[in-house]
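Undergrad: Sharing a model prediction with you, sequence too.
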Amino acid sequence: MKRTLLASTALAFLAVPAFAADLPSREPAPAPQTYTAPPVFTWTGFYAGVNVGWNQNEMDVRNRGFTGTGGAGSYNPFSEKKNGFIGGFQVGYNQQFDMFVAGVEADLSYLGNRRARASTGVTGLGNNVTGVQATSRLDWLGTLRARAGVAMDNVFVYGTGGLAFGNPDQRLTLTNAAGTITHTGTKDETRLGWTIGAGAEIAVMDNLSFKAEYLYYDLGRNTVRANVTAAGPAGTANSARFENNGHIVRAGMNYRF
C-alpha cells in the first residue's frame with residue numbers, strides 16, 4: 001500500500017511541469033517585423049560640374065560679290081574643318097515627375113582648335129588679283145539649353161536644345177599672282193545661334209553622376225568685307241559670307257546639391 005501511494009505521488013509531481021507548459025505564457029509576444037523600402041533615387045535638384053571632349057569647327061565661305069571698278073570678280077564657294085579639344089563647366093537644375101525629367105542647363109567652354117584656313121582662285125578682277133583666302137577661329141562657346149527625357153532609376157536619357165553663343169574671329173584676304181595682299185578685312189564679334197543634341201547620364205552615388213553627350217551648334221552667318229589695299233584695283237571691295245557651325249562630343253561629371 002505504501003509503495004502504491006509513493007508511486008502515485010511521484011507521478012503527480014512529474015506531471016506538474018508538463019501541465020504548466022500547456023498554460024498560457026505571461027511573456028510578451030515578439031514585435032512583428034516591418035519592411036522598409038529602400039529610398040527611391042531622384043534627379044530633382046541643382047547641380048554643377050565640368051566637361052571635356054572633342055570639337056569640330058566648320059567654316060563655309062561664299063562670295064557675296066565685288067563692288068567698285070576693276071571688273072566683276074568671282075570665286076567658287078570653299079570650306080574647311082578643324083578638330084580640337086573642348087573643355088568647360090556647366091550648371092543646371094532638374095525636376096523629376098515620375099519617370100519624366102525636365103530641366104535647364106547652361107555651359108561655357110574653351111575650344112582648343114586651330115584656325116581653319118582655306119583658299120580658292122579669283123577670276124575676272126583687275127590688277128592680276130588671283131586668289132582669296134579665308135580663316136576662322138572660335139575660341140569659346142556657350143549654350144543655354146533645355147533638357148528633357150526619361151529616368152530609369154539612376155540612369156537618365158535625354159534630348160537637349162536651345163541657344164548657342166560664341167565669338168568667331170574671321171578674316172578675308174585677296175592676293176595677286178606675286179602674293180601681295182590686294183584686299184583685306186576682319187570681323188570679330190559675338191554671335192547668337194542654336195544647338196541641339198542628346199545624351200545620357202548615370203548616377204554612381206546620391207550626389208555624383210557622369211554623362212556623355214553630343215551637340216550640333218550653328219552660330220549663323222557672318223559677312224566679312226575686304227577693302228582694297230594700295231596693291232589692289234582702286235575703289236574695289238569684296239564681301240564674303242561665313243557660316244559658323246560644328247559638332248561636339250564630350251563627357252562630363254556633375255555634383256548635385
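TA: Thanks, I have the structure now. These figures come from a predicted structure and were not determined experimentally.

Undergrad: From here on, just use CA atoms for contacts and neighbour counts.
TA: OK.

Undergrad: what's the one helix or strand I202 maps to packed up against?
TA: Using DSSP states H and E, I202 sits in strand 191-205. Judged by 3 or more C-alpha pairs under 8 Å, 6 or more residues apart in numbering; DSSP states H and E, strand 191-205 is in contact with strand 155-176, strand 208-228.

Undergrad: Quick check: closest non-adjacent residue to Q133.
TA: S119 (4.1 Å; C-alpha to C-alpha, 6 or more residues apart in numbering).

Undergrad: check contacts around F242.
TA: The contact partners of F242, taken as C-alpha atoms under 8 Å, 6 or more residues apart in numbering, are 59-62, 221-224.

Undergrad: again, 10 Å this time
TA: Residues near F242 by C-alpha atoms under 10 Å, 6 or more residues apart in numbering: 58-63, 79, 134-136, 168, 170-172, 220-224.

Undergrad: How about the residue lying closest to V155 once chain neighbours are set aside: which residues does it bridge to?
TA: Counting by C-alpha to C-alpha, 6+ apart, I202 is the residue found nearest to V155 once chain neighbours are left out, at 4.5 Å. I202 has these beta-bridge partners by DSSP bridges: V155, F210.

Undergrad: From A231, how far out is I202?
TA: To A231, I202 is 61 Å away according to C-alpha to C-alpha, to the nearest Å.

Undergrad: Pick out whichever of those two has more residues nearby.
TA: Neighbour totals were compared for I202 and A231, and I202 leads with 19 against 14 (other C-alpha atoms under 10 Å).

Undergrad: doesn't D153 make contact with that one?
TA: Yes - the criterion here is C-alpha atoms under 10 Å, and I202 meets it with D153 at 9.2 Å.

Undergrad: how far does the host helix or strand of G103 sit from the chain's center?
TA: When elements are assigned from DSSP H and E, G103 belongs to strand 100-111. Averaging C-alpha positions (C-alpha atoms, centre = their mean, to the nearest Å) puts strand 100-111 6 Å from its chain's average.
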